[in-house]
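Participant: Quick one, fold the following:
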Amino acid sequence: MSLIKVGLVGIGAQMQENLLPSLLQMPDIRIVAACDSDPARAKQIHRFISDIPTMDSVPAMLDAACLDAIVMACPPQVHREMSIRAMQRGVSVFVEKPPCATLDELQELVELARQCGVRTGVGMNFKFARPVRQLREMTTSEEFGRTLHIQLNHYANKPRTPLWGLDSTLRSFLLAQAIHTIDLAVTFGQGDLVDVQSRVQRHGDALIVKGEFTFSSGATASLLSGTTFPYFEFQMKLVSSSSTMVELDNLWNITVHEPEHGTRATGAAKRWRGAWQPGPLDSGYERSGYFGELYEFFDACRTRTRFEADFESLLPTYRIIEAICRADCATDADLDATAIRGMHALPSKGAGLERLSA
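Facilitator: Purely as a prediction, here's the structure:
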């Protein structure tokens, strides 16, 4: 197994709490440099690795160290800009989600990666979480049949203001939170994305997002998400052509509901349920997907094969995000037009205006 020399970018909480501990468990991965725009934060890497140089910029790190790949946990604007710089130098890149802010920017990154012949990866840890892996294995079995519908509930209570300098709380939420859930709809829906229907409800600074997605496989997916909820919760149900339903609860418990079977000990009058959950000895980073996503990314770098969660794989997910944002803007424009038409219909006398405002 060949050694891969890695540079780290953004030594904040996500890097220190999830990505770095996973990297330190991997054989033949050598972290040789780290950088952060805050020099003091960059030096926090020495709590984990004492003898590597730190810089305050990615260009400086690329000049100073011979790197095979970089791992970044930064705002999306930095992911995009520094991915471009690294790929142009022939360095493969793994970035935390989101890799960028818009579909156009993602398409730019996909094309540059092709031109430079490098591997790319995005930290979609839900997809690599052990329970989701188990669910994917279950739903591809002959007994399960064909997936017909996916129901996804992703409850959250933030963000309620725009992130990363963006001008939209909705886009910020979709990129920061719902991107995982939308990506799972794409993963289990299979086939090409055919149609997106959505509606956004607002109450103060909170929102609820409802979406319906259709895929060329014939599968459909329903999304209920938003920031109006009191806490984070994730639920997923899949219904198959064999009338089997599988539930995933908070990336932990899997329950299988099968149709009536007269041959079972319970008889034909009762449904049968099977349950699965990660074992007590499963590593937290493996169970949550952080270890698996990084391990498979570096394996793709070694074998020069495509990584499952690369920039290109997120194109359907970003198309859904763009469709939801476009539909919301169109709804706002329709409401504005209705309000203008209403203003034209208002009575011109002061007494009438006073009655309307009373």
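Participant: what mean pLDDT does stretch 149-159 have?
Facilitator: Stretch 149-159 carries an average pLDDT of 97.
Participant: buried stuff in that stretch?
Facilitator: Under the neighbour-count criterion of 16 or more other CB atoms under 10 Å, stretch 149-159 has 149-152, 154-156, 159 buried. C-betas here are computed from N, CA, C, even on glycine.
Participant: For Arg326, give me phi and psi.
Facilitator: Recorded main-chain torsions at Arg326 are phi -60, psi -50, according to degrees, to the nearest 10.
Participant: Can you get me a residue count around it?
Facilitator: 12 (other CB atoms under 10 Å).
Participant: returning to that earlier point: format the buried residues of stretch 149-159 as JSON lines; extra columns: secondary structure.
Facilitator: Formatted as JSON lines, the buried residues of stretch 149-159 follow (DSSP: H, G, I helix; E, B strand; the rest coil):
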{"residue": "His149", "secondary structure": "strand"}
{"residue": "Ile150", "secondary structure": "strand"}
{"residue": "Gln151", "secondary structure": "strand"}
{"residue": "Leu152", "secondary structure": "strand"}
{"residue": "His154", "secondary structure": "strand"}
{"residue": "Tyr155", "secondary structure": "strand"}
{"residue": "Ala156", "secondary structure": "coil"}
{"residue": "Pro159", "secondary structure": "coil"}
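Participant: So Arg302, which state does it fall into?
Facilitator: Arg302 ends up helix, using three-state DSSP.
Participant: That one contacts Pro27, doesn't it?
Facilitator: No - the criterion here is CB atoms under 8 Å, and Arg302 misses it with Pro27 at 11.7 Å.
Participant: for this protein, what spans make up the helices?
Facilitator: In the chain, the helices defined using DSSP state H lie at 13-14, 20-24, 39-42, 58-64, 76-88, 103-116, 125-128, 130-139, 169-173, 179-189, 284-288, 290-303, 315-344, 350-357.
Participant: Which one of those helices lies nearest to Pro230?
Facilitator: helix 169-173 (15.9 Å; CB to CB).
Participant: Distance to Thr54 for the buried residues of stretch 149-159 - can I get that in JSON lines?
Facilitator: JSON lines is the format used below for the buried residues of stretch 149-159 (distance: CB to CB, whole Å):
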{"residue": "His149", "distance to Thr54": "50"}
{"residue": "Ile150", "distance to Thr54": "44"}
{"residue": "Gln151", "distance to Thr54": "46"}
{"residue": "Leu152", "distance to Thr54": "40"}
{"residue": "His154", "distance to Thr54": "37"}
{"residue": "Tyr155", "distance to Thr54": "39"}
{"residue": "Ala156", "distance to Thr54": "34"}
{"residue": "Pro159", "distance to Thr54": "30"}
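Participant: Out of the helices of the chain, the one nearest Phe229 is which?
Facilitator: Among the helices of the chain, if distance is taken as CB to CB, the winner is helix 169-173, at 11.8 Å.
Participant: Show me what that closest one is packed against.
Facilitator: Here helix 169-173 touches strand 206-215, helix 315-344, going by 3 or more CB pairs under 8 Å, 6 or more residues apart in numbering; DSSP states H and E.
Participant: Spatially nearest residue to Thr192 (excluding sequence neighbours)?
Facilitator: Heads up, residue 192 is Asp, not Thr. Leaving aside its sequence neighbours, Asp192 sits nearest to Ser216 (CB to CB, 6 or more residues apart in numbering; 4.3 Å).
Participant: who touches the one you found in this structure?
Facilitator: 191-194 (CB atoms under 8 Å, 6 or more residues apart in numbering).
Participant: which residues sit in contact with the nearest residue to Leu207 once chain neighbours are set aside?
Facilitator: Leaving out its chain neighbours, the residue that sits closest to Leu207 by CB to CB, 6+ apart is Gly226, at 5.0 Å. Gly226 makes contacts with 155-156, 173, 201, 206-209, as judged by CB under 8 Å, 6+ apart.
Participant: Throw these into a markdown table and include distance to Gly123, thanks.
Facilitator: Formatted as a markdown table, those follow (distance: CB to CB, whole Å):
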| residue | distance to Gly123 |
| --- | --- |
| Tyr155 | 21 |
| Ala156 | 18 |
| Phe173 | 18 |
| Gln201 | 29 |
| Ala206 | 26 |
| Leu207 | 24 |
| Ile208 | 26 |
| Val209 | 22 |
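Participant: Okay, now stretch 53-65: how far is its last residue from its first?
Facilitator: Counting by CA to CA, to the nearest Å, you get 9 Å between the two ends of stretch 53-65.
Participant: quick one: low-confidence parts of this protein?
Facilitator: For the chain, residues meeting the criterion pLDDT under 70 lie at 1, 260-273, 277-283, 332-358.
Participant: Where do the domain boundaries of it fall?
Facilitator: 4-123+302-310, 127-277 (automatic domain parsing).
Participant: nearest to Phe291, of the ones you listed?
Facilitator: domain 4-123+302-310 (4.4 Å).
Participant: so how far is that closest one off the chain centroid?
Facilitator: 17 Å (CA atoms, centre = their mean, to the nearest Å).
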